[in-house]
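Engineer: structure of the sequence below:
(chains A and B)
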Amino acid sequence: LAKTTQPISMDSYEGQEVNITCSHNNIATNDYITWYQQFPSQGPRFIIQGYKTKVTNEVASLFIPADRKSSTLSLPRVSLSDTAVYYCLVGENRGNKLVFGAGTILRVKS
Amino acid sequence: DAGVTQSPTHLIKTRGQQVTLRCSPKSGHDTVSWYQQALGQGPQFIFQYYEEEERQRGNFPDRFSGHQFPNYSSELNVNALLLGDSALYLCASSLKRQGGRANEQFFGPGTRLTVL
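Structural biologist: Numbers count the residues shown, from 1 in each chain, chains lettered A, B, ... in the order given. Purely as a prediction, here's the structure:
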């Protein structure tokens, strides 16, 4: 599975838009990009998944350039409750094992 | 609709002992995966069960074994516990043929295992 690289941590303030970029230079043709969110003492939660261009849901947007070697998770107008670890995963969309990296710790301040 | 449930929430064992962790998947789900999460790290895949058989396995020794029952619930067994087995053990459920978001797994709150 393609290896991913994310920033270790990011700080933001309430109401700001947060963009977390993930690099996956070795992404394969059949690979999808999936993002999970994890709060302390909880299991990860699926946020969004995409293959190319842009995907948007009620929680976030995912931007994927044409070469697919990176992706950006965009969280609009974050609140304190968005403080969590965000994981970028790359792999085939087959419901098999998920490969997590270390993730990005997002701290939202008031 | 109950989500994924796990038991117990916390467990303390000593080295060499054996432990069994339990998981009930989200209603309607037929696939259960287990993950180990050490402090400060991302979850690491242990194995996945579907139709009562182990379908995929991560890089974990044979001390880690599992089972899936006809009602889709699952157990994770760890024998000969080591200090390094201390971690949060997460169970995730999914539906094998759910189409577009096949990589969406629903995680339980985990079992915190401490080995002394």
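Engineer: and stretch A:67-76, how far out from the chain middle?
Structural biologist: In terms of Cα atoms, centre = their mean, to the nearest Å, the gap separating the centre of stretch A:67-76 from the centre of its chain is 7 Å.
Engineer: what helix or strand is B:Cys91 located in?
Structural biologist: Assessed by DSSP states H and E, B:Cys91 sits inside strand B:87-94.
Engineer: next, see if that strand gets close to chain A.
Structural biologist: Yes: counting by Cβ under 8 Å from any Cβ of the partner chain, chain A has neighbours in strand B:87-94: B:Leu90, B:Cys91, B:Ala92, B:Ser94. Placement of C-beta: from N, CA and C, glycine included.
Engineer: looking at the sheet around the first one, what are its partners?
Structural biologist: Residues found in beta-bridge contact with B:Leu90 (criterion: DSSP bridges) are B:Tyr35.
Engineer: from A:Gln38, how far out is it?
Structural biologist: Taking Cβ to Cβ, to the nearest Å as the measure, B:Leu90 falls 10 Å from A:Gln38.
Engineer: of the two, who's got more company?
Structural biologist: Higher neighbour count among B:Leu90 and A:Gln38: B:Leu90, with 28 against 21, using other Cβ atoms under 10 Å in any protein chain shown.
Engineer: that one contacts B:Arg112, doesn't it?
Structural biologist: No: assessed by Cβ atoms under 8 Å, B:Leu90 is found out of contact with B:Arg112, at 10.4 Å.
Engineer: quick one: whichever helix or strand comes after the strand holding B:Cys91 to chain centroid distance?
Structural biologist: Next along the chain after strand B:87-94, taking DSSP H and E as the criterion, comes strand B:106-107. In terms of Cα atoms, centre = their mean, the centre of strand B:106-107 is set 11 Å apart from its chain centre.
Engineer: any of the residues of strand B:87-94 next to chain A buried? List them.
Structural biologist: Among the residues of strand B:87-94 next to chain A, those classed as buried by 16 or more other Cβ atoms under 10 Å in any protein chain shown are B:Leu90, B:Cys91, B:Ala92, B:Ser94.
Engineer: packing partners for the strand holding B:Cys91?
Structural biologist: strand B:5-7, strand B:19-24, strand B:31-37, strand B:74-78, strand B:106-107, strand B:111-115 (3 or more Cβ pairs under 8 Å, 6 or more residues apart in numbering or on different chains; DSSP states H and E).
Engineer: for those strands, which one sits closest to A:Val18?
Structural biologist: Comparing the helices and strands packed on strand B:87-94 against A:Val18 with Cβ to Cβ, the closest turns out to be strand B:106-107 (22.5 Å).
Engineer: who does the closest one pair up with?
Structural biologist: Strand B:106-107 has its sheet partners listed here by DSSP bridges as strand B:87-94 (antiparallel).
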